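**Student:** No letters, just coordinates:
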């Protein structure tokens, strides 16, 4: 793996941008909803929206859970995919973040079903904004995970030999060291 000094500023910004853009976009959405005081928690259609988000999240989590065995199965058939999965754990980190984000979204959605029963005005005023922001995080995490998988499956095998970090940004030395310490 190349270290950050060899990458140049553009690749470093791209690396960190790739890792944190779901959260950045969610913060922007939260600030936007806060600035314009958007709050539909008392809307008569909120129950339908909650049901829809629960169904969508469950379907995406099920789809993501079904993709992981497929990718692992491809590992045995393709040298290219084996090299990516053995040398770069970021793909699985993206899927883990997506699953954790989906479970958190489900928990927040369930709690919003009961927000009208709580007399806490702060919670009442911010529950919708946090919920919308979490939806954005989950959608962006899902997009990032699916795109990483598609790049891995459809990328040209000869290009990986030239620049394997172009498929999925490689782990930093600190991340690799932490992962190796947890394994031992």
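**Tutor:** That came in fine, so what should we check first? All of these numbers come straight from a predicted model, not from anything done at the bench. Numbers count the residues shown, from 1 in each chain.
**Student:** Name the SS class of residue 44, please.
**Tutor:** Under DSSP: H, G, I helix; E, B strand; the rest coil, residue 44 falls in the coil class.
**Student:** That one and residue 116, how far apart?
**Tutor:** Distance of residue 44 to residue 116, given as CB to CB, to the nearest Å: 12 Å. From N, CA and C alone the C-beta is placed, and that goes for glycine too.
**Student:** Tell me which of those two has more neighbours.
**Tutor:** Neighbours per residue (other CB atoms under 10 Å) separate residue 44 from residue 116, with residue 116 holding more: 12 against 7.
**Student:** mind listing what the more buried one touches?
**Tutor:** 41-42, 124 (CB atoms under 8 Å, 6 or more residues apart in numbering).
**Student:** Mind giving me the packing neighbours of the top helix by length along the chain?
**Tutor:** Taking DSSP state H as the criterion, the chain has its longest helix at helix 121-154. If contacts are counted by 3 or more CB pairs under 8 Å, 6 or more residues apart in numbering; DSSP states H and E, helix 121-154 sits against helix 9-35, helix 46-77, helix 79-87, helix 90-113.
**Student:** Buried ones in that helix, by neighbour count?
**Tutor:** 126-142, 144-146, 148-149, 152 (16 or more other CB atoms under 10 Å).
**Student:** Equivalent analysis for stretch 104-120, please.
**Tutor:** 105-106, 108-109, 112, 115.
**Student:** Which member of those is positioned nearest residue 16?
**Tutor:** Minimum distance to residue 16 across the buried residues of stretch 104-120 is 23.9 Å, recorded for residue 105 (CB to CB).
**Student:** Tell me where the chain is predicted with low confidence.
**Tutor:** Along the chain, segments meeting pLDDT under 70 span 1-10, 12, 80, 84, 87-88, 155-184.
**Student:** residues in contact with the spatially most central residue of the chain?
**Tutor:** Geometric centre of the chain, nearest residue: residue 141, 2.2 Å, by CA atoms, centre = their mean. Contact partners of residue 141, counting by CB under 8 Å, 6+ apart, are 22, 94, 97-98, 101.
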